[in-house]
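> I would like the atomic coordinates for the input below:
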Amino acid sequence: MNISELSIRRPVLASVLTIIILLFGLIGYSYLGVREFPSVDNPIISVSCSYPGANADVIENQITEPLEQNINGIPGIRSLSSVSSQGQSRITVEFELSVDLETAANDVRDKVSRAQRYLPRDCDPPTVTKADALHHPTWEMGAKITIDSATMINKGFEVIEAKWLFGVEPRQIQVLVHPQSIVHSAVQFCDGAVKAQLGVPDMRLPIQYAFSFPERIHLSSQRLDLFSHKLEFFEPDMEKFRCLSLAFDAIGRGGNMPCILNAANEVANRGFLDDRCGFLQMGDVIAETMNRVSFDPNPSYETYVATDAEARRVAAEIMQGGMRP
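Residues are numbered from 1 along each chain as shown. So this is what the prediction gives:
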């Protein structure tokens, strides 16, 4: 039986019940009032730094701890946590509810900028072992391309490829550091729209599509779950990723310079894998080879063949002369 039925059958009792309910409502409103509860989510700022080739201990001692010391003095911090892993430092700062998020972000940015002036210019340990450099966080590839990925010269080669394949200038091509390896490429059109190609880091997909193009056929592999991945992008440090900078220098000069770059890198890469060259010295070998080998602004096929041979010989001589860590 509900209130409506009760009011018809027993009007007096229904009226009394209604009055009691109203009284309890008024008492509750008077004594408890109406509260506006703030968001339960505290403002959180995350700081990430990437140093490919550096192991977790070096990241912790040379990067994470100095950054924590600088950030810790910011007013309103509720908690601070950090994770130092292979090639990356991540610091998460949680602020009190009363702190303005924009102000907090500016404070963290200022502290990090000041701290970075005193951080090691290159956080690679004195000796980067093959195990360090071959430990790619997302891709499983061959040794040569994995080392190229650690130095980021592979992205330099991709810039050179894109210039010739798509007829664009190097200044129109941007390289991004993307730790999740989910977004593999993106193109911005004249109207500002951007189309990107996303997928799990698995080379079977592009290899299969190269064979099946223009058709797409079923592939039994992991599917991309965007709910389980954050997508982060960072601008590469050209001083730290010297080999990437050398690639841009090579394509800027043109001629046979990209050929010199490629030959010198293959020699240095092999030297590192054979313990004849240190990780940090690979860029030195490539740069010195680019300085020594004869430059030709208008090379022929024969010039490329001769350049490749000369660059390999010069790079080997440079490496043999003392490029140990």
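> so what's the residue count around residue 108?
Under the neighbour criterion other Cβ atoms under 10 Å, residue 108 is assigned a count of 21. (Glycine included, C-beta is placed from N, CA and C.)
> element containing it?
For residue 108, the element it lies in under DSSP states H and E is helix 101-116.
> I'd like the average pLDDT over that helix.
Helix 101-116 shows an average pLDDT of 73 in the prediction.
> tell me what that helix is packed against?
Contact partners of helix 101-116 among helices and strands, from 3 or more Cβ pairs under 8 Å, 6 or more residues apart in numbering; DSSP states H and E: strand 44-50, helix 65-71, strand 88-95.
> among the ones you listed, which is nearest residue 79?
strand 88-95 (4.6 Å; Cβ to Cβ).
> tell me the strands beside the closest one, with direction?
strand 44-50 (antiparallel), strand 77-85 (antiparallel) (DSSP bridges).
> pick out the shakiest of those strands, pLDDT-wise.
Taking each of the strands paired with strand 88-95 in turn, the one with the lowest mean pLDDT is strand 44-50, at a mean of 76.
> restrict that one to CA atoms and write it as CSV.
Listed in CSV are the C-alpha atoms of strand 44-50, where the atom choice follows Å, rounded to 0.1, in the frame of the first residue of the first chain:
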residue,chain,number,x,y,z
ILE,A,44,48.8,15.7,-10.3
ILE,A,45,51.8,16.8,-12.4
SER,A,46,54.0,14.2,-14.1
VAL,A,47,57.5,14.8,-15.3
SER,A,48,59.2,12.4,-17.7
CYS,A,49,62.8,12.4,-19.0
SER,A,50,64.2,10.0,-21.6
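> doesn't residue 245 make contact with residue 239?
Yes - the pair residue 239 / residue 245 is scored as a contact, 7.5 Å apart, by Cβ atoms under 8 Å.
> neighbour count: those two, which is higher?
Each of residue 239 and residue 245 has its neighbours counted (other Cβ under 10 Å); residue 245 has more, 19 against 9.
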